[in-house]
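> Any chance you can model this:
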Amino acid sequence: MKEVTKEVYLKWYEDMLFWRKFEDKLAQVYIQQKVRGFLHLYNGQEAILAGALHAMDLTKDKMITAYRNHVQPIGMGVDPKRVMAELYGKETGTSKGMGGSMHIFSKEHRFYGGHGIVGGQIPLGAGLAFADKYFKRDAVTLTFFGDGAARQGSLHESFNLAMLWNLPVVFCVENNGYAMGTSVERTANHTDIYKLGLGYEMPCKPVDAMNPVAVAEAMHEAIERARSGNGPTFLELKTYRYRGHSMSDAQKYRTKDEVAEYQKIDPITQVLDVILENKYATEDQIKEIDQRVKDKVLECQKFAEESDFPKKQQLYDVVYEQEDYPFLPHKL
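I've put the predicted structure just below:
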């Protein structure tokens with residue numbers, strides 16, 4: 001695995017803090033009704049993305065996930081201003097304002113969504129890996145989904161084919177404990193989700209996903225296994241979300257004390273503690289990072305708010321490839 005150096009820790013701190021503040025800003029503007037529809041925030045789960053990116057080869061590896069998907073494309077290289085513009089429904093967004101919160105996408109940066117159907121991305125991740133193997137592209141696909149989606153039948157179909165065809169895919173369940181609001185304990189007679197891989201003889205294990213180093217180590221092992229032709233891995237990334245499932249979630253299924261306990265092992269705080277303990281940065285340098293993050297978030301907000309909404313004609317331009325398609329309403 002690539003060494004976790006001082007520079008890595010400083011990058012992790014700035015990236016993870018930016019992702020957290022980016023989501024906080026979205027929560028704020030959602031309440032102001034500048035962002036509409038559903039909104040699922042990643043607060044608390046940042047160590048997963050930080051660790052995964054450290055282990056990936058961003059020149060060829062791919063990522064696909066569910067609808068809690070704003071910060072992953074940013075990590076993969078997408079301009080965060082375009083991500084925020086997409087949530088605002090503006091034409092400068094990643095999908096010209098037509099995908100919204102749940103469908104961020106960038107083929108250029110090998111980020112394949114953003115999927116609103118629970119578990120719908122699991123077979124798609126296997127399909128991306130199949131294409132890479134077929135075309136001998138030496139790439140690995142990280143397929144993320146939540147603990148609720150782990151109960152979908154499509155997971156078993158995907159696991160079976162991935163093992164049968166020895167696909168270069170890493171299946172990653174982000175187990176934050178509650179799906180939409182139902183605890184893992186109430187969804188099955190077992191709580192160790194990673195053991196689902198055992199039925200397919202797929203290498204599998206749990207990971208402390210509040211710690212980016214632990215995530216990076218597990219991801220490195222799984223990615224190298226896939227890249228070397230030894231097939232899939234299933235990782236249970238044990239994490240926690242500090243906000244509700246979505247902005248409309250009243251969170252009656254858990255206590256404030258429980259959230260407070262997990263905040264004691266906040267992944268951003270863990271990284272900052274290492275930085276300060278090892279004197280990787282001074283207090284003033286940390287303040288500079290904090291200010292840089294704050295300015296960057298405001299820059300994203302300004303860009304989104306000053307961008308234009310798409311023209312009505314775009315509805316047809318992005319759906320119909322044939323320019324003279326005869327059955328468009330305005331041509332009848």
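
> ok, K81 - contacts?
If a contact means CB atoms under 8 Å, 6 or more residues apart in numbering, then K81 has 92, 299-300, 303-304 as its contacts. Heads up, the C-betas are built off the backbone N, CA and C, glycines and all.

> Looking at these, state which has the most neighbours.
The residue in the contacts of K81 with the most neighbours, by other CB atoms under 10 Å, is A304 (27 neighbours).

> All the strands of the stretch 51-200 of the chain, residue numbers only.
For the stretch 51-200 of the chain, the strands defined by DSSP state E, counting those that start in this stretch cover 62-64, 141-146, 169-175.

> Which one of the ones you listed lies nearest to H40?
strand 141-146 (9.6 Å; CB to CB).

> Adjacent strands (with direction) for that closest one?
Next to strand 141-146 in the sheet, as set by DSSP bridges, lie strand 62-64 (parallel), strand 169-175 (parallel).

> so where's the stretch 201-332 of the chain uncertain?
For the stretch 201-332 of the chain, the stretches with pLDDT under 70 are 328-332.

> what residues does stretch 245-263 touch?
By CB under 8 Å, 6+ apart, stretch 245-263 touches 27, 30-31, 38-41, 44, 177-183, 210, 240, 242-244.

> Any of these buried? List them.
Buried by 16 or more other CB atoms under 10 Å: 30, 39-41, 44, 177-179, 210, 240, 242-244, out of the contacts of stretch 245-263.

> For these, work out which two are farthest apart.
Across the buried ones among the contacts of stretch 245-263, no pair lies farther apart than Y30 and M210, at 25.6 Å, counting by CB to CB.

> Pull the residues that contact stretch 157-169.
By CB under 8 Å, 6+ apart, stretch 157-169 touches 122-123, 125-126, 128-130, 132-133, 139-143, 171, 196-197, 199-202, 226-227, 229-232, 234.

> are any of those buried, and which?
Buried members of those, counted by 16+ other CB under 10 Å: 122-123, 125-126, 128-130, 132-133, 139-143, 171, 196-197, 200, 202, 226-227, 231-232, 234.

> So which of those sit within helices?
122-123, 125-126, 128-130, 132-133, 226-227 (DSSP state H).

> Now do the residue nearest to T233 when sequence neighbours are not counted against L167, distance only.
Once flanking residues are discounted, T233 sits nearest to A222: 3.6 Å by CB to CB, 6 or more residues apart in numbering. Between A222 and L167 the computed distance is 13 Å (CB to CB, to the nearest Å).

> What are the boundaries of the helices in the stretch 1-150 of the chain?
Assigned by DSSP state H, counting those that start in this stretch, the helices in the stretch 1-150 of the chain fall at 6-31, 46-55, 71-76, 80-87, 121-134.

> Any chance of TSV for those, columns distance to D61 and mean pLDDT?
Formatted as TSV, the helices of the stretch 1-150 of the chain follow (distance: least, CB to CB, whole Å; pLDDT from 0 to 100):
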stretch	distance to D61	mean pLDDT
helix 6-31	17	98
helix 46-55	9	98
helix 71-76	9	98
helix 80-87	20	98
helix 121-134	9	98
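
> Go through those and name the closest to K294.
Across the helices of the stretch 1-150 of the chain, closest to K294 is helix 6-31 (CB to CB), at 6.7 Å.

> Pull out the buried residues from the closest one.
In helix 6-31, the ones that count as buried by 16+ other CB under 10 Å are 8-10, 12-23, 25-26, 29-30.

> Which neighbouring elements make contact with it?
Using 3 or more CB pairs under 8 Å, 6 or more residues apart in numbering; DSSP states H and E as the contact criterion, the elements in contact with helix 6-31 are helix 46-55, helix 71-76, helix 80-87, helix 267-277, helix 283-306.

> Of the ones you listed, which is nearest F327?
Using CB to CB, the nearest of the helices and strands packed on helix 6-31 to F327 is helix 80-87, at 28.8 Å.
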